[in-house]
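*Asks:* Attaching a predicted model along with its sequence, questions to come.
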Amino acid sequence: MAAGATYTPLETNTLSSAASSVTFSSISQSYTDLIIVISGNTASGGEVGSNIQVGNGSVDTGVNYSMTELYGDGTSAASYRDTNKDYLNILIATSGTSTTNTILQFMNYSNTTTYKTVLSRSNAPSVSLRTAVGLWRSTSAINVVKIGPFTGSWATGTTFTLYGIAAA
Amino acid sequence: MPILGIIASSRLSAAATAYESIATVTVGSGGSANAEFTSIPATYKHLQVRALIRGTASASAISANMQFNSDTGSNYSYHELYGSGAGGGQASDGTTQTRFFLHGNAPAATALASSFGVAVMDILDYANTSKYKTTRCLNGMDVNGTGGYILLDSGNWRNTNAISSIQITPSSGNFAQYSSFALYGIKGA
């Protein structure tokens, strides 16, 4: 069996000031899956979701996104879906001192034959947790990812780290 | 170019990691009745399987079943927590099973075209010969409407043998073209 080191760090963005979104562009097509790890908070306000868009060359702003999620807030668990949206709402973030963590996994992002599916696991420890699967209905390879909170901005100090995983 | 408001945006050079690609099975145009990893080296601490799954069965969904070391006995069990896009969260389990799930609900022939289910499974301490083996898996599919699922699974194989092979089969039909199953090893110190 072939073996080779992978799970390669590609880029890290640490916000020096609040930003409405963070964009990874010109993403290498040399990998099979992408991982994005987000650690931080929104600049203000309560619990919000995300406004994530992906594309090839530029982000797709059409209504080509959907998702299915499982959500728990310590009292109950519920499931929701979005259809025909112009964004992916697949994470959870809050302001304050309890750091929100999210791991996004874009599976087979560089192929040009399948729609693209992303898994998300997101924790807002003072509020809730959320796991979701999102779909971008395009067979284009992904080389740009834009990540914003659903409303407001990411707070100063929030980090976004991009990794690539290459299959044998 | 750094993005406005970001001072520490940096492209990083490739670095050696403790995470290694071992093998990948990609399904060709004829489909495949199974995917299998054999002769898995015992030189890692943990394994991870990352999969893209679609079935050929004339159904909206299939499951992708997993066994270790070709053990077809009733030595598997699982628990899962899942959501289907509406209502409350749901849970199920199975004891004395002949398999557990890499994916509980992956799209099949009548589901949205070009959609695939995805799964990331961790197989912990797979080479240890004194423990039963436990897995955890995040998997899901979305089809832009009814039929989507997101699942958190835990699996158990009641056997202390080191895992040297993994068998993955669809619950019916074949795996469709472009399905892929990638096996990775994670080193310990």
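*Replies:* Happy to help now that I have it. Numbering: from 1, shown residues only, chains lettered A, B, ... in the order given.
*Asks:* Need the nearest residue in space to residue 82, chain neighbours excluded.
*Replies:* Here I'm looking at chain A. In this structure, A:D82 finds its nearest non-sequential neighbour in A:M67, 5.0 Å apart by CB to CB, 6 or more residues apart in numbering or on different chains. The C-beta positions use only the backbone N, C-alpha and C, and glycine is treated the same way.
*Asks:* wait, I meant chain B there
*Replies:* B:L151 (4.1 Å).
*Asks:* My read is that A:G157 contacts A:L15, right?
*Replies:* Yes. Shown here, A:G157 and A:L15 form a contact pair, counting by CB atoms under 8 Å, at 6.3 Å.
*Asks:* Mutual contacts of those two, please.
*Replies:* Listed as contacting both A:G157 and A:L15 by CB atoms under 8 Å, 6 or more residues apart in numbering or on different chains are A:G40.
*Asks:* more neighbours, these two?
*Replies:* For the pair A:G157 and A:L15, the greater number of neighbours falls to A:L15 (23 against 14), based on other CB atoms under 10 Å in any protein chain shown.
*Asks:* Who is that one paired with across the strands?
*Replies:* As for beta bridges, A:L15 partners with B:I6 under DSSP bridges.
*Asks:* Could you list which residues are in contact with it?
*Replies:* A:22, A:40, A:154-159, B:5-6.
*Asks:* Closest one of those to B:Q177?
*Replies:* A:V22 (35.3 Å; CB to CB).
*Asks:* Could you list the low-confidence segments of the chain?
*Replies:* Picked chain A for this. A:1-3 (pLDDT under 70).
*Asks:* You answered for a different chain; I wanted chain B.
*Replies:* Those would be B:1-16, if you go by pLDDT under 70 across chain B.
*Asks:* What segments of the chain are helices?
*Replies:* Answering for chain A, as no chain was given. In chain A, no helices are defined using DSSP state H.
*Asks:* What separation is there between the spatially most central residue of it and B:T134?
*Replies:* Nearest to the mean C-alpha position of chain A, by CA atoms, centre = their mean, lies A:L104 at 4.5 Å. A:L104 is 25 Å from B:T134, where distance means CB to CB, to the nearest Å.
*Asks:* what's near enough to touch the nearest residue to A:N56 once chain neighbours are set aside?
*Replies:* Of all residues not flanking A:N56 in the chain, A:S140 sits nearest, at 4.1 Å (CB to CB, 6+ apart). Neighbour list for A:S140: A:55-56, A:112 [criterion: CB under 8 Å, 6+ apart].
*Asks:* swap in B:A91?
*Replies:* So B:A91 contacts B:79-82 (CB under 8 Å, 6+ apart).
*Asks:* let's see 7 Å
*Replies:* B:80-81 (CB atoms under 7 Å, 6 or more residues apart in numbering or on different chains).
*Asks:* OK, contacts around A:F24?
*Replies:* A:F24 touches A:11, A:144-145, A:162, counting by CB under 7 Å, 6+ apart.
*Asks:* TSV please, covering those and showing distance to chain B.
*Replies:* Formatted as TSV, the contacts of A:F24 follow (distance: CB to the nearest CB, whole Å):
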residue	distance to chain B
A:E11	5
A:V144	12
A:V145	12
A:L162	9
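*Asks:* ok, and the most crowded of those residues?
*Replies:* A:V145 (24 neighbours).
*Asks:* And the residue nearest to the centre of chain A, how close does it get to chain B?
*Replies:* 12 Å (CB to the nearest CB, to the nearest Å).
*Asks:* quick one: that residue from A:G134, how far?
*Replies:* To A:G134, A:L104 is 9 Å away according to CB to CB.
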